[in-house]
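*Asks:* Show me the folded form of this:
(one chain, ligands or ions: 1)
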Amino acid sequence: MSEGALSHLNIVIVGAGIAGSCAALALCRRGARVTLLERAAHSNEVGAGLQIPSCATRVLRALGLGEQLAAIASTPAQLHFREAYSGRLVINGAPDNDQSDCPHYQAHREDLHALLLDAAVSHGADVEWGARVVSVQQENKTVVACLESGNELRGDLLIGADGIRSLVRQQLFGDGFPQFTGNIAYRAMIDASRLSRTVAPGVFLGPDAHFVIYPLRQGRVVNVVAQCRSDQWLEESWTTPADVATVRHIYQGWHDDVDLLLSAMDETYKWALYTRPPMPRWSVGRIGLIGDACHPSLPNLGAGAAMAMEDAFVLTELLAKSPNGLEAALDTLYQLRIKRCTRVQQASKRNAELFHINNPLRRWLSYRALSLLTQTFPGLIATQLRWLQEHDATKVVSVT
Ligand SMILES: Cc1cc2nc3c(=O)[nH]c(=O)nc-3n(C[C@H](O)[C@H](O)[C@H](O)COP(=O)(O)OP(=O)(O)OC[C@H]3O[C@@H](n4cnc5c(N)ncnc54)[C@H](O)[C@@H]3O)c2cc1C
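*Replies:* So this is what the prediction gives:
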């Protein structure tokens, strides 16, 4: 299959987040002409950490970004889960990096997004910033994206990579809105030079709340995500500022590491966590969905962006294999991906419940059992996650 197999196609992608940027890169590498329509005036990726499981590393390497990824990311040495107050070990969660030639990385979200978008642009993708799509249509073999500005963009295929509140999904299926889970995530980046000592990466688990810590950018910053229950109905956005005093109050009395990070925290942003059930299909005709637009997951498995990148790669390979069967490629994407993406949604939800056990007796029993199991079998968590980590989306479609 030649690199230019898709050179006859004009593809419109709505949303230049991780899914849209990755799809643009993959499609341009196969020769397609791609226009990315992004409502934001400029890249709106924010300061937050991102787990990049091995399955996503495989996709990024196949897209020619292996070396750049290694330069911006680090491999977690360990990610132990501890009890919120005592710091007692609950889960020995060392990742399986020793046995894998394809590491699990962690990176700054902005860095990964810039890597994908810059590579897409250098392969010819056209990005239109400040281009909010207000409706999509298809007539015969032409798709049309209508912009708020009144402009219209036509193409052969339209991909909705416009996130959990996808306009494209709403237009195709009208299946309602995401449901608030009753949890919010506060996130912050803390300058490591402001800390009086090094803080080990890990996750602290408490009643109705947990607190995630890991280093980024060669240890210069510490990424913090603090998730807790909240009655407030909030905007699902990375950029809503929150009150640091509120976060300090919620995590008062937690382990010294949490306390140290909270005392060095200058600013924080909050993000309300929403879910949507699995869908019966992701496309209608020549318009299809990828990423959070069709299978958003809670952040508790750290795999949502990975699924978005896998979708982008698999769809491109399906199109390259059968360049004239656009509708069939979108249908097949769903058939190939729905089980895995649903499993990620379900596993993330189960983790969310495990991380927030409120009942003291249940918490004590669960943590004792987990501690015993994972210390007796140190590879247990890695083994449990093999279905996620070892999947190779680059081999799902064989293009000849
Ligand atoms: C706290 C938290 C931590 C997370 N941690 C991880 C992690 O460690 N690892 C991991 O793999 N995943 C993680 N995730 C999940 C991950 O962030 C998402 O799965 C991923 O960002 C989805 O990418 P996307 O491109 O599909 O959607 P988005 O990132 O939401 O991008 C959608 C884009 O579409 C644009 N857009 C929307 N509507 C329109 C419109 N009408 N017209 C034009 N443009 C539009 C938006 O501006 C945006 O740029 C986390 C999520 C949260 C909330």
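*Asks:* so who does Q137 touch?
*Replies:* Applying Cβ atoms under 8 Å, 6 or more residues apart in numbering to Q137 gives the contacts V143, V144, C146. Every residue, glycine included, has its C-beta placed from N, CA and C.
*Asks:* And the helices in the protein?
*Replies:* 18-29, 54-62, 66-72, 109-122, 167-173, 244-250, 256-263, 304-321, 326-355, 360-376, 380-384, 386-389 (DSSP state H).
*Asks:* Which one, of these, ends up nearest to V90?
*Replies:* With Cβ to Cβ as the measure, helix 360-376 is the member of the helices of the chain nearest V90 (4.6 Å).
*Asks:* Output the contacting helices and strands for that closest one.
*Replies:* Counting contacts by 3 or more Cβ pairs under 8 Å, 6 or more residues apart in numbering; DSSP states H and E, helix 360-376 packs against strand 89-91, helix 380-384.
*Asks:* in the longest one, what's buried?
*Replies:* It stands for helix 380-384. Neighbour-count burial for helix 380-384, with 16 or more other Cβ atoms under 10 Å as criterion, is recorded at L380, I381, A382.
*Asks:* Next: stretch 176-188.
*Replies:* Those would be P178, F180, T181, N183, I184, A185, Y186, R187, A188, for stretch 176-188 by 16+ other Cβ under 10 Å.
*Asks:* you'd agree the fifth one is up against K270?
*Replies:* Yes: shown here, I184 and K270 form a contact pair, counting by Cβ atoms under 8 Å, at 5.4 Å.
*Asks:* Alongside the ligand, which residues does this structure contribute?
*Replies:* Applying Cβ under 6 Å from any ligand atom, we find that the chain lies next to the ligand at 14-20, 37-40, 44, 50-51, 132-133, 161-163, 167, 185, 187, 225, 271, 291-293, 299, 302-306, 308.
*Asks:* Throw together a PyMOL command that grabs the buried residues out of these.
*Replies:* In PyMOL syntax, the buried subset of the residues of the chain next to the ligand is picked out as below (16+ other Cβ under 10 Å):
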select buried, resi 14+15+16+17+18+19+20+37+38+39+44+50+51+133+161+162+163+167+185+187+225+271+291+292+293+299+302+303+304+305+306+308
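*Asks:* What does the residue of the stretch 101-250 of the chain found nearest the ligand show for phi and psi?
*Replies:* Here the stretch 101-250 of the chain gets closest to the ligand at one residue, G163, 2.7 Å apart by Cβ to the nearest ligand atom. Main-chain dihedrals, G163, degrees, to the nearest 10: phi 80, psi -180.
*Asks:* Leaving out chain neighbours, which residue sits closest to it?
*Replies:* D292 (4.8 Å; Cβ to Cβ, 6 or more residues apart in numbering).
*Asks:* Would you confirm that that neighbour contacts G15?
*Replies:* No: contact criterion Cβ under 8 Å: D292 and G15 do not qualify, at 9.1 Å.
*Asks:* list residues touching both of those two?
*Replies:* Common contacts of D292 and G15, defined by Cβ under 8 Å, 6+ apart, comprise G163, S166.
*Asks:* just to revisit the earlier point, any idea which of the buried residues of helix 380-384 is closest to the ligand?
*Replies:* I381 (16.0 Å).
*Asks:* which non-adjacent residue is nearest the closest one?
*Replies:* G93 is the one closest to I381 (Cβ to Cβ, 6+ apart), at 4.9 Å.
*Asks:* Hmm, S371 and the one you found touching each other?
*Replies:* No: G93 is not in contact with S371 according to Cβ under 8 Å; the separation is 11.4 Å.
*Asks:* Those two: who's more crowded?
*Replies:* Neighbour totals were compared for G93 and S371, and G93 leads with 21 against 18 (other Cβ atoms under 10 Å).
*Asks:* Do you know the pLDDT at the nearest residue to S193 once chain neighbours are set aside?
*Replies:* Leaving aside its chain neighbours, S193 sits nearest to R220 (7.6 Å; criterion: Cβ to Cβ, 6+ apart). Per-residue confidence (pLDDT) for R220: 92.
*Asks:* can you pull the contacts of R220?
*Replies:* By Cβ under 8 Å, 6+ apart, the contact set of R220 is D191, A192, S193.
*Asks:* just the buried members of those residues?
*Replies:* Among the contacts of R220, those buried by neighbour count (16+ other Cβ under 10 Å) are A192.
*Asks:* Return the subset of the contacts of R220 lying in strands.
*Replies:* Those of the contacts of R220 mapping onto strands are D191, per DSSP state E.
*Asks:* and the contacts of R220 as JSON lines, adding pLDDT?
*Replies:* JSON lines is the format used below for those (pLDDT from 0 to 100):
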{"residue": "D191", "pLDDT": "94"}
{"residue": "A192", "pLDDT": "95"}
{"residue": "S193", "pLDDT": "94"}
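*Asks:* now stretch 219-234: how far from the chain's centre is it?
*Replies:* Distance of stretch 219-234 from the chain centroid (Cα atoms, centre = their mean, to the nearest Å) equals 16 Å.
*Asks:* got it, and stretch 198-218?
*Replies:* 18 Å.
*Asks:* Okay, buried residues for it please.
*Replies:* 199, 201-206, 209-217.
*Asks:* Then stretch 333-350?
*Replies:* Within stretch 333-350, the residues scored as buried using 16+ other Cβ under 10 Å are 333-334, 336-338, 340-341, 343-345, 347-349.
*Asks:* dump the residue contacts of P215.
*Replies:* P215 makes contact with S74, A192, P201, V221, V222, N223, according to Cβ under 8 Å, 6+ apart.
*Asks:* Many thanks, I have nothing further to ask.
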